[in-house]
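Novice: from the sequence below, what's the structure:
(chains A and B)
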Amino acid sequence: MNKVKSLNRKDLLGLKDLSVEEIKLILRTAHSMKEVAARPIPKVPTLLGKHIITLFFEASTRTRTSFNMAAKILSANITNIAISSSSVTKGESLIDTVKNLEVMGVDAIIIRHPMGGAPLLAARNCKASIISAGDGFNEHPTQGLLDIFTMQEKRGKLKDKKILIVGDISHSRVARSNIWGLTKLGAKVTVVGPPTMIPRGIEEMGVNVSYNLDDEIKEADFINMLRIQNERQEKGLFPSIEEYHKLYGLNKERMKYAKKDVLVMHPGPINRGVEITSEVADGPYNVILEQVTNGVAVRSALLFLLLGGKT
Amino acid sequence: MAKLLIKNGRVVDPASNLDGQRDVLIVDGKIKTIKSQVMSRGARVIEAKGMLVLPGLIDMHAHLRDPGRPDKETIASGTRAAAMGGFTTICCMANTEPPIDNAAVVKYVKNKAEIEGVVNVLPIAAVTKGLKGEALAEMGMMLKEGAVAFSDDGQPIMRADVMRRALEYARQFKVPIISHCEDKALSHGGSMNESALSTALGLPGIPALAEENMVARDIALAREFGRLHIAHVSSAKSVDLIRQAKKKKIDVTCETCPHYFSLTEEAVKDYDTNAKVNPPLKSRTDVKAIIKGLKDGTIDVIATDHAPHNIEEKELEFNSAAFGLVGLETALALVITYLVDTKELTLKKAIEKLTTSPAKILGLNKGALKIGADADLVIVDPKAGWTVDPSQFASKSKNSPFNGWKLKGKVLCTIVSGKVVVRDGKVCS
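Specialist: Below is the predicted model of the structure:
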């Protein structure tokens, strides 16, 4: 197969519409970027003079900082817009906001938004590259890519590897991006959670569905634990945190059933004691912080491929 | 005496079971003669050879946004859109600002329609004050001012006791309560059909059950308490429920809309907010069931649910965008293209659902080519193909999911009480 050398696209909105070749290109490039990031002086001039904006309509620690680090490694200028102090609070629409940023000469806008499809709306109405940093419960493409990068780095080819994604699948953009990407690479994905948190028709995305973590854990090569938001309980999707933890939480007891070389992942922020106990989150099988490290490499690769150069 | 003679058209009148070449003579706004050959000295002649001559269409479900939102639609623009679509009578829903929930607002709409409207406008007034689903509005007084039925359309009446009282109370007037069937507890927060597609798009879904649950409840209430008409039926199971109810002789009728037989949820797969509508577009299976319901008579009426919205409320994130689409100017062509040309319905049957059927439900002396009746007619070229271009709509709003579609069947001429309001496919000035 011929390797693709560049991303012929303006935007990165999700893994749903990325080809296998494009995913592989991003992952290959991320490996080089990880090497750059590990240098004593982690800086290359590739994107010198490029202007990048982060436009976050939701809170973020990891993703935003990670994009900032990535941009700085590539010598791009990056500006963070906090929605609380922007004209969005005056009622400016998303389209107007990105159009205004565009005419200032911005090359890329990284958007996080509480509504699915919002980055696509921006992308259609603006010439700058739009990179989704998470939209509603649609996609979180850079998280999906860094998860896949981490899995591959640890265990090589993902074809036929068994991956569990556990938690609130219905409201998870991380789950969707993982599913789109992993199924393209031939991995076997099973989503696990209470039926109230498994969305209708998810099987059509090419995954198995299970309501029993103990059954699934035995065969798993990777377990990706999703954050449980307290407000989901208030909406009646499960009766109590205690019961959730009992049925779907990852603790030491449950880990006894897992393979010796299983790897535990989490996109953060962790609710310790809810979906995962500290013993497991900090345990020998966890790669949670490595995911964060790899996030910078993956985001550098993306910025490089969308704004800069050819490999 | 003003005389107008429509020559040589194929006259299709479901009420008299007529489908044949006839001449129609109109004198002083009334239908005078329908015969194979009519000669009339001094009459203005419209040659209609090869064209359809139909009773003026009746839309029993439109939103005219007047009073309150002249940026989206006015009675002037909405009635012109209706005329362009071949409708000579339209019923406007009560969810205006302020709502049509008292006699004064009914009177306002009627007066405004007299002054600036080009087709007949019949208000459907609110069931409850402020469309709040609590206290009954003054139905009797609103009927006296010209309301023809009652609906809180846009909002379901969530309280079963209120719906019961509304059905009971309306019995004295012999008019139906038109129900917007949506269980809010189930639909809450959703913006498209709940399905594998909503899962793949990461959009909050509305389960079809939200509609079906209310259809079932309202049928149960209608069985005991009164006359029910169900608005904008979109789901297969709703059609089944209504079919069963009709078998049991429960007093229920219903309508669907062109978008529920011509579109599936696939229309929103690129987050096209113009296809965001409530109830949401459903699956291929549902579309088939809607067509089956139209064929076997379970679905009585085709109505547009014309719901104009401006760009500001549509060019938004999918979740934030308003529900609704404009339908007056595409309805008949969608019926011809997707029901008649596909041989799902005969032309007569299709036209019945746009004329006599809504007239009967609302008790209107309209929708038929009767001697002595108001000369409301439409002349249609059934073979003319055209491309939908919302920028050319007479409606103020352009929120159509059919932009760019190639349809068959073009309205050439719309006549209201003998007056030509659309000629050569254009609104007369």
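
Novice: what's the spacing between B:Asp59 and B:Met93?
Specialist: 11 Å (C-beta to C-beta, to the nearest Å). C-beta: built from backbone N, CA, C; applies to glycine.

Novice: same check on B:Val420?
Specialist: With C-beta to C-beta as the criterion, B:Val420 and B:Met93 are 28 Å apart.

Novice: between those two, which one's more packed in?
Specialist: B:Met93 (28 against 18; other C-beta atoms under 10 Å in any protein chain shown).

Novice: nearest to chain A: which residue in the stretch 201-350 of chain B?
Specialist: Distances between the stretch 201-350 of chain B and chain A by C-beta to the nearest C-beta are smallest at B:Gly202, namely 2.7 Å.

Novice: for that residue, which non-adjacent residue is closest in space?
Specialist: A:Asn138 (2.7 Å; C-beta to C-beta, 6 or more residues apart in numbering or on different chains).

Novice: can you check B:Lys112 too?
Specialist: In space, B:Lys112 is closest to B:Ile75, 4.9 Å off (C-beta to C-beta, 6+ apart).

Novice: can you give me the buried ones in stretch A:79-86?
Specialist: A:Ile81, A:Ile83 (16 or more other C-beta atoms under 10 Å in any protein chain shown).

Novice: next one: the residue lying farthest from the centre of chain A from A:Ser84, what distance?
Specialist: Ranked by distance from the centre of chain A (C-alpha atoms, centre = their mean), the top residue is A:Lys90, with 30.1 Å. Distance of A:Lys90 to A:Ser84, computed by C-beta to C-beta: 12 Å.

Novice: give the rounded mean pLDDT of stretch B:26-44.
Specialist: Across stretch B:26-44, pLDDT averages out at 95.

Novice: that stretch spans what distance, first to last residue?
Specialist: 10 Å (C-alpha to C-alpha, to the nearest Å).

Novice: returning to that earlier point: could you pull up the residues touching the residue of the stretch 201-350 of chain B closest to chain A?
Specialist: A:Gly116, A:Gly117, A:Asp135, A:Gly136, A:Phe137, A:Asn138, A:Glu139, A:Arg173, A:Arg176 (C-beta atoms under 8 Å, 6 or more residues apart in numbering or on different chains).

Novice: if we use 6 Å, what do you get?
Specialist: Contact analysis of B:Gly202 by C-beta atoms under 6 Å, 6 or more residues apart in numbering or on different chains lists A:Gly116, A:Gly136, A:Phe137, A:Asn138, A:Arg176.

Novice: swap in A:Met33?
Specialist: A:Ala297, A:Ser300, A:Ala301.

Novice: re the thing from before, now the residue farthest from the centre of chain A: phi and psi?
Specialist: phi -90, psi 10 (degrees, to the nearest 10).

Novice: from chain B, how far out is it?
Specialist: 15 Å (C-beta to the nearest C-beta, to the nearest Å).

Novice: the stretch 51-200 of chain A against chain B: which residues are in contact?
Specialist: A:Met115, A:Gly116, A:Gly117, A:Ala118, A:Leu120, A:Leu121, A:Gly136, A:Phe137, A:Asn138, A:Arg176, A:Pro199, A:Arg200 (C-beta under 6 Å from any C-beta of the partner chain).

Novice: part of a helix, is the fifth one?
Specialist: Yes. A:Leu120 forms part of a helix when assessed by DSSP: H, G, I helix; E, B strand; the rest coil.

Novice: how many neighbours does it have?
Specialist: 23.

Novice: then B:Gly130?
Specialist: Applying other C-beta under 10 Å, I find that B:Gly130 has 15 neighbouring residues.

Novice: one more: B:Lys30?
Specialist: 15.

Novice: same check on B:Gly404?
Specialist: 9.

Novice: mind checking how far it is from B:Ile206?
Specialist: From B:Gly404 to B:Ile206 the distance is 27 Å (C-beta to C-beta).

Novice: swap in B:Gly20?
Specialist: According to C-beta to C-beta, B:Gly20 stands 46 Å off from B:Ile206.

Novice: so if I had to pick from the two, which one is more boxed in?
Specialist: With neighbours defined as other C-beta under 10 Å, B:Gly20 and B:Ile206 compare such that B:Ile206 has more, 25 against 10.

Novice: show me the contacts for the residue in the stretch 51-200 of chain A that chain B sits nearest to.
Specialist: When scored by C-beta to the nearest C-beta, the stretch 51-200 of chain A has A:Asn138 as its residue closest to chain B, at 2.7 Å. For A:Asn138, the contact set (C-beta under 6 Å, 6+ apart) comprises A:Gly116, A:Arg173, B:Gly202.

Novice: the residues you listed into TSV, with extra columns for secondary structure, pLDDT and distance to A:Leu101?
Specialist: As requested, the contacts of A:Asn138 are exported to TSV (DSSP: H, G, I helix; E, B strand; the rest coil; pLDDT from 0 to 100; distance: C-beta to C-beta, whole Å):
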residue	secondary structure	pLDDT	distance to A:Leu101
A:Gly116	coil	96	21
A:Arg173	helix	97	23
B:Gly202	coil	97	24
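
Novice: how about the residues of chain B near chain A?
Specialist: B:Glu194, B:Ser195, B:Ala196, B:Thr199, B:Gly202, B:Leu203, B:Tyr271, B:Glu317, B:Phe318, B:Asn319.

Novice: burial count for residue 67?
Specialist: No chain was given, so I picked chain A. 28.

Novice: the intended chain is chain B.
Specialist: B:Pro67 - counted by other C-beta under 10 Å - has 17 other residues nearby.

Novice: so how far is A:Asp11 from it?
Specialist: Distance from B:Pro67 to A:Asp11, by C-beta to C-beta: 43 Å.

Novice: go on, A:Met205?
Specialist: 22 Å.
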